[in-house]
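Student: Everything below, folded, please.
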Amino acid sequence: MAETVQQNRSRRSVELMLAEDVPALGSQGEIVQVRRGYARNYLLPQGLATMATESNKRQVEKHRKNLTELAKQKVVDLKKTAEAIGKYSVTIEAQANEEGHLYGSIGANDISKQLKTAGFAIEPDQVRLEGPLKELAMYTVKLQLHSEVEAEVKVWVVPAARG
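Tutor: Residues are numbered from 1 along each chain as shown. Take a look at the predicted model:
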């Protein structure tokens with residue numbers, strides 16, 4: 001009886017390899033079992049999947065290895081960048097009163113802009129501030145370059161030259 005159920009299922013389903021991420025089904029490169037109608041009417045015509053042939057499986061595995069190598073190299077490069085940023089300090093001029101309180105504040109955008117000017121491709125969402133900088137001082141700011149790579153940069157907030 002169990003064998004018959006298994007045989008019926010195999011006749012009603014087909015093995016596909018996902019070409020794109022499909023919500024509630026799987027991610028790109030995964031091998032999935034789906035009903036023939038779902039494959040024939042949706043996944044294949046939309047280009048979301050392809051037949052899971054041995055050749056396709058080998059290509060995906062080769063591609064996955066290449067992506068893994070690229071990801072490793074990216075982490076190595078980001079660690080070098082983090083080391084270079086650690087030796088660099090950012091100086092930002094701001095208007096402040098006599099006590100050293102800024103009239104505005106310094107945020108992640110300002111720090112990112114200064115780092116980009118210095119040649120570091122740091123986006124504002126990579127700058128980890130506990131809150132905006134509101135006083136003239138030296139701050140150590142964390143940067144999240146990658147899930148595995150963090151850096152710290154010294155940020156000097158100095159009074160703007162009055163002219």
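
Student: what mean pLDDT does the helix or strand in which residue 93 is found have?
Tutor: Per DSSP states H and E, residue 93 falls inside strand 89-94. When pLDDT is averaged over strand 89-94, the result is 92.

Student: Identify each buried residue in that strand, please.
Tutor: Applying a neighbour-count criterion of 16 or more other Cβ atoms under 10 Å, the buried positions in strand 89-94 are 90, 92, 94. All C-beta atoms are positioned from the backbone trio N, CA, C, and that covers glycine.

Student: List the buried residues in the strand or helix carrying residue 115.
Tutor: Residue 115 is part of helix 108-117, with elements assigned from DSSP H and E. Burial within helix 108-117, assessed by neighbour count using 16+ other Cβ under 10 Å, is assigned to 108, 110, 111, 112, 114, 115.

Student: Can I get those residues in TSV including distance to residue 139 and pLDDT?
Tutor: As requested, these are arranged in TSV below (distance: Cβ to Cβ, whole Å; pLDDT from 0 to 100):
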residue	distance to residue 139	pLDDT
108	12	93
110	12	94
111	9	94
112	14	94
114	13	93
115	14	93
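
Student: Go ahead and flag the most central residue of the chain.
Tutor: Most central in the chain under Cα atoms, centre = their mean is residue 146, positioned 6.9 Å from the mean C-alpha point.

Student: Contacts only, for that one.
Tutor: Contact criterion Cβ atoms under 8 Å, 6 or more residues apart in numbering gives 74, 75, 78 as the residues in contact with residue 146.

Student: And the helix or strand containing residue 57, what does it pack against?
Tutor: Under the criterion of DSSP H and E, residue 57 resides in helix 54-86. Applying 3 or more Cβ pairs under 8 Å, 6 or more residues apart in numbering; DSSP states H and E, one finds that helix 54-86 contacts strand 13-18, strand 137-146, strand 149-159.

Student: just those strands: most buried one?
Tutor: Ranked by mean neighbour count under mean count of other Cβ atoms under 10 Å, these are led by strand 13-18, which reaches a mean of 19.

Student: neighbours of residue 41, just the number please.
Tutor: By the criterion of other Cβ atoms under 10 Å, residue 41 has 11 neighbours.

Student: can you list the domain ranges for the protein.
Tutor: Split into domains by automatic domain parsing, the chain comes to 2-75, 79-159.
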